[in-house]
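Peer 1: kindly generate the corresponding structure for this input.
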Amino acid sequence: MIAVDQLNLTIQPNEFVCIIGRSGCGKTTTLRMIAGLEAASEGNIYLNGKKITGPGAERCVVFQKYTLLPWRSILNNIAFGLEIKKINKKERHRVARKFLDLVGLSDYADALPYELSGGMQQRVAVARALAADPDVLLMDEPFGALDAQTRNSLQNELIKIWQKQRKTVLFVTHSIGEAVYLADRIILMDAKNSGVHQIFENPLPRPRDRNSSHARSFYQQVHQALEAI
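Peer 2: Model (predicted):
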């Protein structure tokens, strides 16, 4: 079975791109291939002109599950990627504290993951990815398991962080509303053709009002395109 076929996509540096589509259309498979966690049977994927052949430090993934190490403090969870890079303890803790503060959790440096709520743990996962200083942040439905209020709050936090750090973000979601709020471009994938069905340039200025007439209109445009496939 072919998960993704005839996929031709270019993402610009510092761009925030969301991929949406029905279950089975290849959203997560595409993200995992870019991450180097799965290999394409045909074709190639390049980052800054270099072929992707496996995982690399220039790409970090934030999954739907928090994947924090339960025996490590929040500070040491964030510092984990720097530890792998052999950064000395003083420097990696300095960087980890910077990103802990960036996600608003500086008071929880010594806590263990189980002591934090789900939303707080996901903020730690985002901070850990950013602390590793990747060129590309890959996010696979990172807020999908959260309640609506926490989800909206973390979307706001993510936009603030992205505007400060200016990373390239590829964000997979089932939520059209989430994509409309977050993305510069929305990639609609089609399970029938195993590839890109349509690409939407997001016309909404930042900061965005979720409830504006323009947001509702753009939501309907994307929703109608999804319903038609």
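
Peer 1: for Glu201, give me phi and psi.
Peer 2: The phi/psi pair for Glu201 (degrees, to the nearest 10) reads phi -80, psi 130.

Peer 1: wait, it sits on Ile187?
Peer 2: No. Counting by C-beta atoms under 8 Å, Glu201 stays clear of Ile187, with 11.1 Å between them. C-beta here means a position set from N, CA and C on the backbone, and glycine is covered the same way.

Peer 1: anything in contact with each of those two?
Peer 2: Common contact partners of Glu201 and Ile187 (C-beta atoms under 8 Å, 6 or more residues apart in numbering): none.

Peer 1: who has more neighbours out of the two?
Peer 2: A count of neighbours by other C-beta atoms under 10 Å puts Ile187 above the other of Glu201 and Ile187, at 23 against 8.

Peer 1: tell me the contacts of that one?
Peer 2: 9, 17-20, 196, 199.

Peer 1: now do the top helix by length along the chain: which elements does it pack against?
Peer 2: Using DSSP state H to define each element, the chain has its longest helix at helix 148-165. Contact analysis of helix 148-165 by 3 or more C-beta pairs under 8 Å, 6 or more residues apart in numbering; DSSP states H and E lists helix 118-131, helix 176-182 as its packing neighbours.

Peer 1: and it, what's buried?
Peer 2: 150-155, 157-159, 161-162 (16 or more other C-beta atoms under 10 Å).

Peer 1: hmm, which two among the residues you listed are most spread apart?
Peer 2: Within the buried residues of helix 148-165, two members stand farthest from each other by C-beta to C-beta: Thr150 and Trp162, at 18.3 Å.

Peer 1: what ranges do the strands span in this structure?
Peer 2: 16-20, 46-47, 50-51, 59-62, 136-140, 168-172, 185-190, 195-201 (DSSP state E).

Peer 1: ok, which of those comes nearest Ala39?
Peer 2: Using C-beta to C-beta, these put strand 50-51 closest to Ala39, at 11.5 Å.

Peer 1: quick check: domain ranges of the protein?
Peer 2: 1-58+135-229, 69-133 (automatic domain parsing).

Peer 1: burial count for the nearest residue to Arg22 once chain neighbours are set aside?
Peer 2: Closest residue in space to Arg22, ignoring its immediate chain neighbours: Ala191 at 5.5 Å, by C-beta to C-beta, 6 or more residues apart in numbering. By the criterion of other C-beta under 10 Å, Ala191 has 16 neighbours.

Peer 1: in contact with Ala191, which residues?
Peer 2: Applying C-beta under 8 Å, 6+ apart, the residues near Ala191 are 21-26.

Peer 1: likewise for Ala215?
Peer 2: 180-181, 204, 208-209.

Peer 1: again, but for Arg166
Peer 2: Per C-beta under 8 Å, 6+ apart, neighbours of Arg166: Asn14.
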